[in-house]
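>>> Following is a predicted model, sequence given first.
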Amino acid sequence: MSNFSVLFSVVIASHGRSALLVQLLESLMLADIAEEGVIEILVVDSSPTEEAAIIRQACDRLGAAFLEGPHSVRCKRNLGARTARGIWLLFIDSDCLASIDIFRSYHKAFQKNPEVRVAAGPTIFQGEENAFTRRLQNSSLLQPFRRPSQDGTVLWATTSNLCIYRDVFFEVGGFKENFPFRVGGDDTDFCLRVRDIGYQIKTVPAALCFHSWSTWSHPVLVIRRSFRWGWMHACLLREHPTYRRIDAPGLPAHFLGLLALTFVAPLLGHFLALLLPLVFVVIAVVLHALLAAAAAPELKSEAFLSDLVLAVVELPFGFGRAVGSLSAGSLSGVLYRLDANDAEMDAAFPEIVRSLWSDHIAFLLTIVLAGIIL
């Protein structure tokens with residue numbers, strides 16, 4: 001081990017959310033620690049003046065270090081890591097709470113498996129819910145947060161609850177700071193580069209974090225996040241070609257094909273063809289919701305409505321992949337997906353099949369409609 005006096009350095013990147021951040025700091029103060037005086041907390045903040053003052057006061061009161069940082073969340077995390085004195089760096093998001101056993105669980109896992117250098121715990125969503133968040137529970141957007149709930153290893157983990165040996169963090173070069181958005185995708189890229197230099201990401205199911213629903217309760221914000229994550233997914237597919245797998249052409253590919261048709265049809269005087277891409281999306285979404293309702297053991301109307309809500313927030317991810325890919329002159333975001341282990345593929349297989357059936361049938365129906373129009 002390195003000659004650092006601190007065992008865990010908690011790095012928190014923040015911008016606004018002062019009330020949530022204070023709750024996180026308080027939860028860290030309440031957490032059990034393996035030994036006396038073995039944690040430090042670093043808050044790297046870019047909030048406006050008034051919010052920053054509240055956060056600084058909370059840090060002073062609760063014994064956390066306050067650092068002014070840039071807007072980029074990646075730059076904040078790198079700054080926090082450079083300032084940290086701990087053997088282990090624990091990254092937690094500002095809208096989360098730490099469980100009372102988080103440090104003890106990680107410490108126990110590292111003692112049991114001395115070769116482990118990167119670990120992740122699950123992030124469980126909790127707090128005040130509404131009709132939207134209740135239907136968001138099963139969204140694929142939340143799957144990465146839940147993935148470390150099973151003992152084993154993961155391809156990548158979210159920085160809402162990620163712990164890494166300090167020397168390995170700098171060996172891999174920290175978080176890349178040159179991605180197109182100031183937030184999103186950096187955790188996936190970071191973990192894939194960690195794997196590239198020979199380290200597995202161990203899951204520690206007992207090291208829990210709890211994510212507030214408040215930052216996921218507004219549909220417009222979630223839709224924007226979904227599109228941004230899709231765009232970043234396309235970037236990651238270009239950055240990490242060794243993790244690509246062929247993806248069956250689904251809704252984005254069919255949509256692009258119909259979009260190409262709309263450029264030609266008006267030249268022939270068929271202006272109604274301009275509506276074909278939108279018609280296709282509507283048919284695909286409704287078919288998917290009908291298939292989901294048919295598979296539901298009960299409350300089929302609720303299953304239908306829930307699937308419509310999920311489509312609204314998940315479709316932007318696919319379009320983000322397509323747009324992000326095309327903007328770089330590539331089709332990787334349409335033709336490929338990131339690698340996944342067999343267990344995850346087995347769990348996702350029914351949903352993959354349902355999506356492909358609904359997409360292909362919707363495409364065929366739209367082509368038939370196009371034939372009638374044209």
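Okay, I see it. Numbers count the residues shown, from 1 in each chain.
>>> and residue 212, what is it in contact with?
The neighbours of residue 212, taking CB atoms under 8 Å, 6 or more residues apart in numbering as the test, are 20, 95, 96, 97, 125, 126, 127. In short, each C-beta sits where N, CA and C put it, glycine included.
>>> Check for me that residue 91 belongs to a helix.
No: assigned with DSSP: H, G, I helix; E, B strand; the rest coil, residue 91 falls outside any helix and is strand.
>>> low-scoring pLDDT stretches of the stretch 251-374 of the chain, where are they?
Low-confidence segments of the stretch 251-374 of the chain (pLDDT under 70): 267-269, 340-348, 374.
>>> how about the helices in it?
Ranges of helices within the stretch 251-374 of the chain are 251-264, 276-295, 300-326, 332-335, 342-373, based on DSSP state H, counting those that start in this stretch.
>>> Only the buried residues of the second one, if you could.
Of the residues in helix 276-295, those buried by neighbour count under the rule 16 or more other CB atoms under 10 Å are 276-277, 279-281, 283-293.
>>> Just the closest of these to residue 71, please.
Proximity of the buried residues of helix 276-295 to residue 71 (CB to CB) peaks at residue 281, which lies at 33.5 Å.
>>> Find the residue closest to that closest one in space, skipping its chain neighbours.
residue 255 (6.6 Å; CB to CB, 6 or more residues apart in numbering).
>>> now residue 339
Of all residues not flanking residue 339 in the chain, residue 243 sits nearest, at 4.3 Å (CB to CB, 6+ apart).
>>> Can you give me every residue that contacts the residue lying closest to residue 68 once chain neighbours are set aside?
Of all residues not flanking residue 68 in the chain, residue 45 sits nearest, at 6.5 Å (CB to CB, 6+ apart). Residue 45 makes contact with 14, 15, 52, 55, 56, 66, 67, 68, 69, 76 under the criterion CB under 8 Å, 6+ apart.
>>> could you redo those as CSV and give each row neighbour count?
Shown next, in CSV, are the contacts of residue 45 (neighbours: other CB atoms under 10 Å):
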residue, neighbour count
14, 24
15, 20
52, 18
55, 25
56, 17
66, 18
67, 17
68, 12
69, 21
76, 27
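>>> Could you work out the most separated pair of the residues you listed?
So, these by CB to CB: farthest apart are 56 and 76, at 15.1 Å.
>>> doesn't residue 125 fall inside a helix?
No: counting by three-state DSSP, residue 125 is not part of a helix but strand.
>>> isn't it right up against residue 209?
No: counting by CB atoms under 8 Å, residue 125 sits too far from residue 209 to count as a contact (10.2 Å).
>>> More neighbours: which of the two?
Between residue 125 and residue 209, counted using other CB atoms under 10 Å, the more crowded position is residue 209 (25 against 18).
>>> quick one: pLDDT of the closest residue to the more buried one other than its chain neighbours?
Setting aside the residues directly before and after it, residue 209 is nearest to residue 161 in space (CB to CB, 6+ apart), at 4.1 Å. At residue 161, the model reports a pLDDT of 97.
>>> quick one: contacts for residue 161?
The neighbours of residue 161, taking CB under 8 Å, 6+ apart as the test, are 90-92, 96, 102, 120-123, 148, 207-209.
>>> just residue 231 next, same as before
Here residue 231 is in contact with 180, 181, 320, 321, 323, 324 (criterion: CB under 8 Å, 6+ apart).
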